[in-house]
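Asker: would you be able to build a 3D model of this:
(one chain, ligands or ions: 1)
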Amino acid sequence: MATAVVTGAARGIGHAIAGRLAADGFSVVAADIDGGLVEAAAAGWRAAGLSVEGVGLDVRDRAAVSALFERLGRVDVVVNNAGIAAALVGLAELTQEALRRVFAVNLQGTFIVAQEAVRRMGQGGRVINIASRGYLGGAGAAHYVASKAAVVGLTRAMAVELRWQGITVNAVAPGMVATRMLDDFTPAMRGALEAREPSGAAADPAAIAASVSFLASAGAGFVNGQVLLTDGGKCVGMPPL
Ligand SMILES: NC(=O)c1ccc[n+]([C@@H]2O[C@H](COP(=O)([O-])OP(=O)(O)OC[C@H]3O[C@@H](n4cnc5c(N)ncnc54)[C@H](O)[C@@H]3O)[C@@H](O)[C@H]2O)c1
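Answerer: Model (predicted):
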């Protein structure tokens, strides 16, 4: 049974990805900084007959990440989903500390997990990084936008270096998805933003999990260094007037 590690799997998009990959037949290691929550989720999946281990893990903690992959040995698929948003703030008020905090999880956490995983992959494997449509740009979130653009840059750089090892590295960039991350918005702001989505609502996390499932599948072996924008097409253009 092939093994997949999913970070930030206790809830939201990561939870949907872990469940989807387990249903696809992977033995899944669901990791999250909230160890209790992810272990409870894993127990639920196991009760449903799926192979899932829940593990408490802070992706910023190099020693803990290294110890996990050392214990697991070779993994076949790594999904770097753990990420944080931050309160909206204009450029003039954005602090270096806020920038550092977001980069520590979104970029450095992704880097640490990917590096520790591919060190032990040998020949063949998949790295799938969860970016965001926000990497294209956006007001009031330069720290988040820059961190996700950096994730895309890291994805492309890794894809080129690792293709000689048969490892593909791709990103999925979701639009607005119905998770706790949206709690940062006031209800009025959230409503206005959802109205601008192609379906008029935030996406179900299952839609993002389906893109990850594709990139993890045998059929996607020739897809490398790509960003799969999974946002219903909002990024392509404006609706008619
Ligand atoms: N929700 C959206 O609209 C949206 C849109 C685009 C991209 N994304 C991205 O999708 C990913 C998942 O977001 P979500 O919406 O499910 O958010 P969420 O807040 O519901 O879930 C994030 C999960 O990551 C975990 N986590 C946070 N910091 C961690 C750390 N240091 N180590 C390990 N786990 C950690 C949290 O405990 C939580 O379980 C993030 O990378 C996010 O940037 C979300």
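Asker: list the contacts for the closest residue to Leu136 other than its chain neighbours?
Answerer: Excluding the flanking residues, the one nearest Leu136 by Cβ to Cβ, 6 or more residues apart in numbering is Cys235, at 6.2 Å. From N, CA and C alone the C-beta is placed, and that goes for glycine too. Cys235 makes contact with 133, 136, 175, 229 under the criterion Cβ atoms under 8 Å, 6 or more residues apart in numbering.
Asker: can you rerun that using 7 Å?
Answerer: Going by Cβ atoms under 7 Å, 6 or more residues apart in numbering, Cys235 touches 133, 136, 229.
Asker: wait, a strand at it?
Answerer: No - per DSSP: H, G, I helix; E, B strand; the rest coil, Cys235 lies outside any strand segment and is helix.
Asker: pLDDT at it, what is it?
Answerer: Note on Cys235: pLDDT of 94.
Asker: quick one: stretch 186-199 near the ligand?
Answerer: No - Stretch 186-199 does not reach the ligand (Cβ under 6 Å from any ligand atom); its nearest approach is 9.3 Å.
Asker: surely Ile128 is in a strand?
Answerer: Yes - assessed by three-state DSSP, Ile128 belongs to a strand.
Asker: that one is in contact with Ile167, isn't it?
Answerer: No - counting by Cβ atoms under 7 Å, Ile167 is not a contact partner of Ile128; they are 11.2 Å apart.
Asker: and these two? which has more neighbours close in?
Answerer: Ile128 (28 against 22; other Cβ atoms under 10 Å).
Asker: contacts only, for the more buried one.
Answerer: 77, 79, 170, 172, 212, 215-216.
Asker: could you tell me which of these belong to helices?
Answerer: 212, 215-216 (DSSP state H).
Asker: before we move on, back to that, for the ligand, see how far away the residue nearest to Leu136 is.
Answerer: Separation of Cys235 from the ligand (Cβ to the nearest ligand atom, to the nearest Å) stands at 11 Å.
Asker: same check on Asn224?
Answerer: In terms of Cβ to the nearest ligand atom, Asn224 sits 21 Å off from the ligand.
Asker: thought that residue was touching Val160?
Answerer: No - here Asn224 does not reach Val160: they are 8.6 Å apart, not a contact under Cβ under 7 Å.
Asker: more neighbours: which of the two?
Answerer: Taking neighbours as other Cβ under 10 Å, Asn224 and Val160 compare with Asn224 leading, 20 against 11.
Asker: ok, that one - contacts?
Answerer: Asn224 neighbours (Cβ under 7 Å, 6+ apart): 159, 163, 168-170.
Asker: of those - the most surrounded one?
Answerer: Top of the contacts of Asn224 by neighbour count (other Cβ under 10 Å): Val169, with 27 neighbours.
Asker: what helices or strands is the longest strand along the chain leaning on?
Answerer: Taking DSSP state E as the criterion, the chain has its longest strand at strand 167-174. The contact analysis (3 or more Cβ pairs under 7 Å, 6 or more residues apart in numbering; DSSP states H and E) places strand 167-174 against strand 125-130, helix 142-162, helix 205-216, strand 227-230.
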